[in-house]
Structure formats: C-alpha cells, structure tokens
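Participant: Sharing a model that was predicted from the sequence below.
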Amino acid sequence: MHYKFSKRIKNLKPSAIREIFKYAADPSVVSLSAGNPSPEAFAAEQISAICADIFRNRPIDALQYSITEGYTPLREHLRGYMKQSHNVGRDFDDVLITSGGQQAIELAAKVLCDEGDVVVCEDPSFVGSLNSFRSIGANLTGVPVEPDGISIAGLERALSENPRAKIIYTIPNFQNPSGITMSLEKRRAMYELAQKYGVLILEDNPYGDLRYSGKNIPSIKSFDEDGLVIYCGSFSKVIAPGIRVGYAVAPVEIMKKMVVAKQGEDVHANILAQMICHEFMTKYDFSENLRNLRRLYSAKAQLARELLEEYVVPGGVTYHPVEGGLFIWCTLPQEVDMPAFCTRAVKDYKVAVVPGTAFLPDESKPSQCFRINFTAPTDEKLEEGIRRLGRAVSCK
C-alpha cells in the first residue's frame, strides 16, 4: 500500500530531541538532553492527598465530561492570580485551559494562520512550537537572538519584508533553548512593532516563575492595552509535566475561536488534572512551592556552571549565563562539526545533548550550538555527564 500523506505533515521531521531520547534510554547514557524538571521538584505527597480527597468526595466531577473552556474554579482562580501576581489580563481577555502549554500555542496558530502565512520567531526557538507552526502550513521567518533578547532591528526587517506575517512568537523568559531573557526595553519595542505592523504576539512563558537570580521583568501581556498579545502559560514546570495542563489568556474574540478549535481536538483538557492544579494552588502554599523550586534550580544551575568551567570551557566551548529556567546553550569552536560532535558524544562517550539545528526555523542552516538540561539529572549524574562532555570536547 502506498500511503499519501497530507501536504502539511509529509515534510515534518521527527523531533531531534525525541530521537536523542532513543539513545538516552540506554542506562549507560547520561542524558543532558531532556527538558524535564528535577524529580525532586514534584510535590508527590500533596498531589496524592488531593487525588484521594477528590475521589473520596467528588469522583463524578473528575470522571464526567466537562466544558471545553476548562474547569471553572481553576479558570476563575487563574484569572485573579494572573492579574494580581503578573498584571496579566484585561476586561477584554478570557482564560482557556489547554492540554499543556503546547496546545495553547498550536490552537492560537491554527485560528490565526492560513497556509502560507508567516510566523516570525526567535532564531533559535522551541522545536515543539516550530513544528506546530509548520504543521498548519505556516512559513517561519527567524530573527537572531542577542544577549538581551531578539534583535529588534531584525524583527522590524522581518515584519516589513513579510506582509503575510500574522504572529510574532517569543519566549521572553529563559528562552528555550538559549536561556536568554529579553530586556524590558526590547519587550516594549516588540509591542510597538506589533502595533505598527498589525500583527499579534504569541508570548510563551512556561519558565517565568523559575527565576533564581536577577530581577523580574514584566511580561509583554502586562502592558497589552490593545488586545495584541496571546499569553501562554503552563503548570508543567511548576507542578508536574505529566498532568498536561496549560492555559492561555487572550482577547475574547480570539478565545472563542480557540475554544471551537479545541473542541475538534480533545473536547476538553483532563478534568482530574485541572482539579489537581486548582486544589494545589488554593489549598497549599503555592508561593512557597515556587520558592522551593527556585532554591532547587539555583543550586543545580550553579553546579552546572562550575562543572562546565572545569571540564568543558577549557576545550573552547562557550555558554550563555542564565538567571532561571532549565537550559544552558553551549557554543562549540568554529572548527568543530556540531552534528558529528553530538553523535560522537552519545555513541562514544555516553552523554546525550541536543544539537542546535533542532531549534532553527530554517532547518537547512548550520549551527555550532547544543543545548544541555541541568535540572533532570541527579547532581551525581550531572557531574558525570559534564565530565564525559568535556572528554568529548577535548577529542574534537
């Protein structure tokens, strides 16, 4: 049988990260490739108690169909929480609960972009979002990321050269994969360009609560008075990724279309998981949970920096310092073949990292970079993995 795939899917490639996971499944391989939180980050006892209470007192609420927009108590709590804690949400906005932050991004693109429309995004950027944009037939235009965020000159050039641009996609806090945080000045400049060119901003902020040094910077959505910003958040990094609960805050007119699109995908996000998130936020000390996560990741980030300086930097590798999030973006010396290095690292030295080409809007471009995750491995595994990485670098 010859299978004829749709145009929107036949050219999509498997995620390089998922391909690396195949090697990482080997118990002899130290994986620095996953985007996973630390196992120490999960409040398993509290979540177990929440589940027991739900099934003891409200089992039908968790097991029955519900509304597409999401579990009403969680939506209402998020509406107040986001406004009070982050100044996110205006009278013209609404909240939608999604199956992870990834679905919020995919739904926004689906309702706004026709095939051939342009999504302007950071270069590099999150591969999951890039593939969502590709899957709906959007064209990607990448804009280089500088030490303080996206190039504003490059962004304006991309917008002026692409009249079919519909969305600017950005991860302003501890960007995946670069770890870079966009300055307040650039956030305001991006908003002004969105006003000027009549495009929307898709602000993806799964890591914003995980700042462990430096000062908080207001989100772009916090100064949205014109209905130009769709804000995407997630509980994956602050409660647990396996529960697959995310959310979007967006103008009502856009939200209505996202709800219709979601009905065709999964009817509604998992209700038990939404109830868990609501109970965890309202009956436990959510702020203390965030403080614990920041302390945990601050220590792991410091350890990763010390290990990189000891084992990897002497081989000519550079990296960008981070103030939060889960990732460090490393750059190899110019003479090193990056894809070959990543393959050699996992096959010969048993340490897995993600090649930088996985994160490029233009998949044909070269990259000298690779991404490491320092949160998922134990401290002992992290040390062993970076030591192996150093050996791989020294044998370039």
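Facilitator: Sure thing, it's come through.
Participant: mind pulling up the phi and psi values for Ala240?
Facilitator: phi -170, psi 140 (degrees, to the nearest 10).
Participant: Could you find the closest non-adjacent residue to it?
Facilitator: Phe42 (5.5 Å; Cβ to Cβ, 6 or more residues apart in numbering). Every residue, glycine included, has its C-beta placed from N, CA and C.
Participant: For the one you found, give me phi and psi.
Facilitator: According to degrees, to the nearest 10, Phe42 has phi -90, psi 130.
Participant: With adjacent residues omitted, what lies nearest to Asn162?
Facilitator: Nearest to Asn162 is Val118, by Cβ to Cβ, 6+ apart, at 4.4 Å.
Participant: Would you map the helices across this protein?
Facilitator: In the chain, the helices defined using DSSP state H lie at 7-10, 16-24, 44-57, 59-63, 72-86, 100-112, 127-135, 152-161, 184-197, 252-263, 271-283, 286-307, 338-348, 379-394.
Participant: what's the most buried one of those?
Facilitator: helix 100-112 (a mean of 24; mean count of other Cβ atoms under 10 Å).
Participant: can you pull the pLDDT of the residue nearest to Ala240?
Facilitator: Confidence at Phe42, expressed as pLDDT, is 96.
Participant: May I ask which helix or strand of the protein has the lowest mean pLDDT?
Facilitator: Taking mean pLDDT, DSSP states H and E as the measure, the chain has helix 16-24 as its least confident helix or strand, at a mean of 62.
Participant: circling back to that earlier point, columns distance to Tyr169 on top of the helices of the chain, output as a markdown table?
Facilitator: Listed next are the helices of the chain as a markdown table, based on distance: least, Cβ to Cβ, whole Å:
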| stretch | distance to Tyr169 |
| --- | --- |
| helix 7-10 | 18 |
| helix 16-24 | 18 |
| helix 44-57 | 32 |
| helix 59-63 | 34 |
| helix 72-86 | 19 |
| helix 100-112 | 8 |
| helix 127-135 | 6 |
| helix 152-161 | 11 |
| helix 184-197 | 11 |
| helix 252-263 | 15 |
| helix 271-283 | 25 |
| helix 286-307 | 25 |
| helix 338-348 | 24 |
| helix 379-394 | 30 |
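Participant: what about Met281, distance to Ser38?
Facilitator: 20 Å (Cβ to Cβ, to the nearest Å).
Participant: Among the helices of the chain, which comes closest to Pro361?
Facilitator: Proximity to Pro361 (Cβ to Cβ) singles out helix 127-135 among the helices of the chain, at 6.1 Å.
Participant: Tell me what angle the closest one forms with helix 100-112.
Facilitator: Helix 127-135 runs at 20 degrees relative to helix 100-112, counting by axes from the mean of the first three to the mean of the last three Cα atoms, to 10 degrees.
Participant: CA atoms only for helix 127-135, dumped as PDB, please.
Facilitator: The C-alpha coordinates for helix 127-135 follow below in PDB (Å, rounded to 0.1, in the frame of the first residue of the first chain):
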ATOM      1  CA  VAL A 127      11.200  22.900  18.400                       C
ATOM      2  CA  GLY A 128       7.700  21.900  19.500                       C
ATOM      3  CA  SER A 129       6.200  25.300  18.600                       C
ATOM      4  CA  LEU A 130       8.100  25.400  15.300                       C
ATOM      5  CA  ASN A 131       6.700  22.100  14.300                       C
ATOM      6  CA  SER A 132       3.200  23.200  15.300                       C
ATOM      7  CA  PHE A 133       3.600  26.200  13.000                       C
ATOM      8  CA  ARG A 134       4.900  24.000  10.200                       C
ATOM      9  CA  SER A 135       2.100  21.500  10.600                       C
END
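Participant: same for it, what does it pack against?
Facilitator: Counting contacts by 3 or more Cβ pairs under 8 Å, 6 or more residues apart in numbering; DSSP states H and E, helix 127-135 is packed against helix 7-10, helix 100-112, strand 118-123, strand 139-146.
Participant: Could you take these and lay them out as a markdown table, with extra columns for distance to Ile54 and mean pLDDT?
Facilitator: What follows is those, written out as a markdown table (distance: least, Cβ to Cβ, whole Å; pLDDT from 0 to 100):
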| stretch | distance to Ile54 | mean pLDDT |
| --- | --- | --- |
| helix 7-10 | 38 | 67 |
| helix 100-112 | 21 | 96 |
| strand 118-123 | 39 | 98 |
| strand 139-146 | 42 | 98 |
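Participant: coming back round to it: what count of nearby residues applies to the residue nearest to Ala240?
Facilitator: The number of residues packed near Phe42 is 14, by other Cβ atoms under 10 Å.
Participant: For the residue nearest to Asn162, grab the count of nearby residues.
Facilitator: Neighbours around Val118, by other Cβ under 10 Å: 22.
Participant: TSV for the helices and strands packed on helix 127-135, including distance to Thr181?
Facilitator: Output for these, formatted as TSV (distance: least, Cβ to Cβ, whole Å):
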stretch	distance to Thr181
helix 7-10	33
helix 100-112	18
strand 118-123	12
strand 139-146	11
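Participant: Relative to Asn57, tell me which of those wins on proximity.
Facilitator: Among these, helix 100-112 sits nearest to Asn57 (Cβ to Cβ), with 27.1 Å.
Participant: which residues are in contact with the closest one?
Facilitator: 96, 98, 119, 128-129, 132-133, 135-136, 138, 166-167, 169, 200, 202, 204, 206, 230, 232-234, 236, 241, 244-248, 250, 254, 257-258, 260-262, 265-266, 269 (Cβ atoms under 8 Å, 6 or more residues apart in numbering).
Participant: how about a cut-off of 6 Å?
Facilitator: With contact meaning Cβ atoms under 6 Å, 6 or more residues apart in numbering, helix 100-112 is reached by 98, 128-129, 132-133, 136, 166, 202, 206, 230, 232, 234, 244, 246, 248, 257-258, 261-262.
Participant: what do you get for stretch 369-377?
Facilitator: So stretch 369-377 is contacted by 32, 34-38, 177, 297, 300, 304, 326-331, 342, 353-356, 382 (Cβ under 6 Å, 6+ apart).
Participant: tell me how far the ends of that stretch are from each other?
Facilitator: End-to-end distance for stretch 369-377: 21 Å, by Cα to Cα, to the nearest Å.
Participant: Same check on stretch 353-367?
Facilitator: 14 Å.
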